[in-house]
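Trainee: Return a 3D structure for these sequence lines:
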Amino acid sequence: MGGGAGLCMHGHFRVATDRTLFAMPECGIGLYPDVGASFFLSKLPARMGLLLGLTGLRLRGPAVYEAGLATHYVPHTLLDSVQEALHNLGPSRAADFTEVAHTLDAMQATAGPRPYGEAV
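Mentor: Numbering: from 1, shown residues only. Sure, this is the predicted structure:
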């Protein structure tokens, strides 16, 4: 939420779970997005960034992934497995973004189809 959302959006990998909540509450009270939000919101597909920036709409779970705010989606029950899979890469392979991407892709595929997200 807020500044935390803005900071994490500039990372290479952003994993959303069914418990993820994306919100920029400052937009809901008439303030403008900060910490680079205007940059990443403008990159979202289908003018989603405009909607989020103007309304302060909150997104939950898979909707965060579907909106392009997360690079991967896994249920929270698989987070320990994701952590273990990333740890098992070891330092040299974990430094390779392609290896990390393949690992996260595999974990996302293991999770099966995503449920519908929710905008609140």
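
Trainee: For the residue nearest to the spatial centre of the chain, which non-adjacent residue is closest in space?
Mentor: Within the chain, the residue whose C-alpha comes closest to the C-alpha centroid is Ala70; the distance, by CA atoms, centre = their mean, is 2.4 Å. Spatial nearest neighbour of Ala70, chain neighbours left out: Ala16 (3.6 Å); criterion: CB to CB, 6 or more residues apart in numbering. Yep, even glycine has a C-beta here, placed from its N, CA and C like the rest.

Trainee: With Arg14 instead?
Mentor: If the residues on either side of it in the chain are set aside, Arg14 comes closest to Ala70, at 4.5 Å by CB to CB, 6+ apart.

Trainee: residue farthest from the centroid of this structure?
Mentor: Most peripheral residue of the chain (CA atoms, centre = their mean): Ser92, 25.0 Å.

Trainee: Give me the pLDDT for it.
Mentor: Per-residue pLDDT puts Ser92 at 94.

Trainee: and the gap between it and Glu84?
Mentor: Distance of Ser92 to Glu84, given as CB to CB, to the nearest Å: 18 Å.

Trainee: now Leu31
Mentor: On the measure of CB to CB, Leu31 and Glu84 end up 40 Å apart.

Trainee: next one: Ala23
Mentor: Counting by CB to CB, the gap from Ala23 to Glu84 is 30 Å.

Trainee: Neighbour count for these two, which is higher?
Mentor: Ala23 (18 against 11; other CB atoms under 10 Å).

Trainee: Leaving out sequence neighbours, find the closest residue to that one.
Mentor: Arg58 is the one closest to Ala23 (CB to CB, 6+ apart), at 4.1 Å.

Trainee: Can you report how many residues lie near the one you found?
Mentor: For Arg58, using other CB under 10 Å, the count is 18.

Trainee: Next one: it from Gly112, what distance?
Mentor: 25 Å.

Trainee: again, but for Glu26
Mentor: Taking CB to CB, one finds Glu26 at 35 Å from Gly112.

Trainee: can you check Val82 too?
Mentor: 15 Å.

Trainee: got it, and Ala94?
Mentor: Taking CB to CB, one finds Ala94 at 25 Å from Gly112.
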